[in-house]
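Novice: 3D model of this:
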Amino acid sequence: MSARFAHTLPWGTEIIEDGARFRLWAPAQKSVSLITETGATVPMTQSGEGWFEALTDAVPIGGGYQFALQDGMRVPDPAARAQMSDVHGFSRLVDPKAYDWQTPDWKGRPWQEAVIYELHTGTFSPDGTFDGIARDLDRLVNTGVTAIELLPVAQFGGNRGWGYDGVLLYTPHTAYGGPEGLKRLVDACHERGLMVLMDVVYNHFGPDGNYLSHYAPNFFDPRRNTPWGAAIAFDRLPVREFFVHNALYWLEEFRCDGLRFDAVDHIKDTAEEEVLAEIAREIRTRIPDRHVHLTIEDDENSIRLFQFDETGAPRLYDAEWNDDWHHAVHVILTGEKTGYYKDHIDDPVGRLARTMAEGYDYQGEDSAFRGKMRGSHQRICRRRFSSTTFRTMTKPAIARMATGSYRWHRPRPWMRP
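Specialist: Numbers count the residues shown, from 1 in each chain. I've put the predicted structure just below:
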């Protein structure tokens, strides 16, 4: 049995009966045109509130396109499913339903079965591609791995990089094999009983190839910056939709089994429901029949996003990447004393033991590196912490850590912020 899946996007392109719909939010522009790979120009119509739209058959499936701004500058589609080459060139029109899935009935695996192996697509195999990973999956299965977590694959400037400076967040990197290669990899994983978790970066855009500020400066918050660039204005609806649908896109269109959200302490908004909660709520509502695992990295050690129902099922997020555990282990293994590692150099073994028994090391104490209290949200739950609060680290798990697999910690259902 096979099937075809697609997520409907408010941004970017959608295949329609007589061609495709192209859509761009460009509130700083008075006019926008669609430019085809062959040089044809299609004027786009203003549809209100900064949106421009074109319905046309001028771009064939697999063909290239760009958007031309009012000053003639050409930019890629920020929600392109694929690029023809790099982040500065033509985007590629993709029919998401062209791929015929071989594992459409896959429902995932429960969290208690997760043995996660984190890997980087560009370095895992000799050719640095999704297909290169697929060829070596049996070895991972034989070692006891039940899930792989891919470092960010959204297209970034250049062919090779760590992945945390992505600029086209809907585009699986061309050098890795594009959307077709990623779907083949996920399918191959599911055939072997492996889950696929995707690392996503929603706290900033990379510097090379990010053209949003040219036509949508409102995408960013001029009052704030992150350590990596301009902060994102999550309190604006088109911006919010961009990220909510990006999360749904990886889970519905690529059939991934979960997401790991990078550095969520730099994701801020003033909405009544913060965007991280909205993303998780939408996922839980729209995908109720699969095991979908949502994890975060949060330097603030907050537990506000961990809420569970009476059965223990997560209402929002499942677990957290434990920075305290990682930093203590790093100090033990390397002796490094700079940056945020300085908070753990006085007693790294003791601090590691505390994370394994209580979840966090910093539970409201002052951080020398940050110059302020860290983990203040944890303080109100401190008395309720015990060795049963988080799953403890076993010797095999420590061995997996040494070979690239990291441990996740899940708060118990009774924990409340």
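
Novice: Could I get the contacting residues of the nearest residue to residue 160 once chain neighbours are set aside?
Specialist: Among residues not flanking residue 160 along the chain, residue 122 sits closest, at 5.3 Å (Cβ to Cβ, 6 or more residues apart in numbering). Any C-beta I mention is one placed from the backbone N, CA and C, and that applies to glycine too. By Cβ atoms under 8 Å, 6 or more residues apart in numbering, the contact set of residue 122 is 128, 160-161, 163, 175-176.

Novice: Quick check: ChimeraX command selecting the buried ones in these.
Specialist: Typed into ChimeraX, the line below selects the buried ones among the contacts of residue 122, using 16 or more other Cβ atoms under 10 Å:
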select :128,161,163,175,176
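
Novice: Residue 368 contacts residue 343, doesn't it?
Specialist: Yes: using Cβ atoms under 8 Å, residue 368 is in contact with residue 343, at 5.8 Å.

Novice: neighbour-wise, which of the two wins?
Specialist: Relative neighbour count places residue 343 above the other of residue 368 and residue 343, with 22 against 13, counting by other Cβ atoms under 10 Å.

Novice: Confirm that the more buried one sits in a helix.
Specialist: Yes: Residue 343: assigned to a helix according to DSSP: H, G, I helix; E, B strand; the rest coil.

Novice: wait, isn't it in contact with residue 328?
Specialist: No: between residue 343 and residue 328 there is no contact under Cβ under 8 Å: 9.3 Å.

Novice: Residue 81 touches residue 98, doesn't it?
Specialist: No: applying Cβ under 8 Å, one finds residue 81 not in contact with residue 98, separated by 10.8 Å.

Novice: Those two: who's more crowded?
Specialist: The residue with more neighbours, out of residue 81 and residue 98, is residue 81; 24 against 14, by other Cβ under 10 Å.

Novice: Neighbours of the nearest residue to the more buried one once chain neighbours are set aside, how many?
Specialist: Spatial nearest neighbour of residue 81, excluding adjacent residues (Cβ to Cβ, 6+ apart): residue 94 at 4.0 Å. Residue 94 has 23 neighbouring residues, counting by other Cβ under 10 Å.

Novice: ditto for residue 114
Specialist: Residue 114: 24 neighbours (other Cβ under 10 Å).

Novice: State the distance from the closest residue to it other than its chain neighbours to residue 258.
Specialist: Spatial nearest neighbour of residue 114, chain neighbours left out: residue 147 (5.2 Å); criterion: Cβ to Cβ, 6+ apart. For residue 147, the distance to residue 258 (Cβ to Cβ, to the nearest Å) stands at 8 Å.

Novice: thinking residue 12 is in contact with residue 170, fair?
Specialist: Yes: using Cβ under 8 Å, residue 12 is in contact with residue 170, at 6.5 Å.

Novice: And these two? Which one has more around it.
Specialist: Between residue 12 and residue 170, residue 170 has the larger neighbour count (other Cβ under 10 Å), namely 27 against 23.

Novice: any low-confidence regions in the stretch 301-417 of the chain?
Specialist: 376-417 (pLDDT under 70).

Novice: Ok, the chain next?
Specialist: 1-2, 376-417.

Novice: ok, and for the longest helix anywhere in it, which residues are buried?
Specialist: Criterion DSSP state H: the longest helix present in the chain is helix 237-252. Buried positions in helix 237-252, judged by neighbour count with 16+ other Cβ under 10 Å: 238-240, 242-252.
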